[in-house]
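[1] With the sequence up front, the predicted model follows.
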Amino acid sequence: MGIRSVTVPAQSGRAVDAVEGDLLHIVDLDGHQVGDLWLIDAKDHTRWLSVGHTRDRGERLFPLVGQHFLDRFGDPIAELVADDSPGKHDMLFPPCDRSLYESEGLVDHPNCYDNFVSATASVGLRLPVVPDPVNVFQNSAPEADGTLIVGTAASEPGDSITFRLMRDVIVVLTACSVDYWPTNNMECTPLLMRIESA
């Protein structure tokens, strides 16, 4: 059994390979930091984690421990096996992108969309779209009237969430770049990926 650790610096992204049975731990090193997570089938790049299919088949906004995340064809790609955080995560929001920041007057701001594209390019992968991610640690549950309010991530330093991978995948993780809104407590910080082999 071995463990690989990959630090994802603030406002950036990283892509790594992992194999079926590996445990993927995502650790919030400094607290209150959202991570955008994607899983892409290493053998068939047309299959990736689909938050829409996961919500639909699981009939939940986010899986419970022991439940599965599904790919865009409805097949399991990962299992949630532990959540050592307050349990506030999101599968409704797309990755932040240039147009979001430009609407706030922020030009050439780092963003998760571009960071995903850069991270996948670094491992020779190019997808036809940027799928919506699993936004780990994002505190944005709907209000009773359906309003979506993004609060500060509730995770504290060292909090983590763990997935068991159900096939060989390329893992892409970005440390969310939002620094003008409470999402990341007004300060972007790094995340840690720890991949534990079976």
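    Great, that's in hand. Numbers count the residues shown, from 1 in each chain.

[2] Would you map the helices across this protein?
    For the chain, the helices defined by DSSP state H occupy 51-58, 98-102, 112-122.

[3] outside of the second one, which residues touch it?
    Here helix 98-102 makes contact (Cβ atoms under 8 Å, 6 or more residues apart in numbering) with Val107, Asp108, His109, Asn111, Tyr113, Asp114. Glycine gets a C-beta too; all of them are placed from N, C-alpha and C.

[4] now, which of these sits nearest Asp41?
    Ranked by distance to Asp41 (Cβ to Cβ), the contacts of helix 98-102 are led by Tyr113 at 20.8 Å.

[5] Enumerate every residue touching the spatially closest residue to the closest one that is not a sequence neighbour.
    The spatial neighbour of Tyr113 that comes closest, neighbours along the chain excluded (Cβ to Cβ, 6 or more residues apart in numbering), is Asp97 at 3.8 Å. With contact set as Cβ under 8 Å, 6+ apart, Asp97 has these partners: Asn111, Cys112, Tyr113, Asp114.

[6] quick one: strands adjacent to the longest strand seen in the chain?
    Determined from DSSP state E, the single longest strand within the chain is strand 76-84. According to DSSP bridges, strand 76-84 forms sheet pairs with strand 68-70 (antiparallel), strand 160-165 (antiparallel).

[7] Return the closest of the contacts of Asp97 with respect to Asn184.
    Asn184 lies nearest to Cys112 out of the contacts of Asp97, by Cβ to Cβ, at 11.6 Å.

[8] quick one: that closest one and Pro133, what's the gap?
    Separation of Cys112 from Pro133 (Cβ to Cβ, to the nearest Å) stands at 7 Å.

[9] Helix or strand with the lowest mean pLDDT in the chain?
    Ranking every helix and strand in the chain by mean pLDDT, DSSP states H and E puts helix 98-102 at the bottom, with a mean of 95.

[10] Roughly how far does the nearest residue to Phe69 once chain neighbours are set aside sit from Ser50?
    Among residues not flanking Phe69 along the chain, Ala78 sits closest, at 4.5 Å (Cβ to Cβ, 6+ apart). In this view, Ala78 and Ser50 are 12 Å apart by Cβ to Cβ.

[11] So between these two, which is more surrounded?
    Higher neighbour count among Ala78 and Ser50: Ala78, with 26 against 22, using other Cβ atoms under 10 Å.
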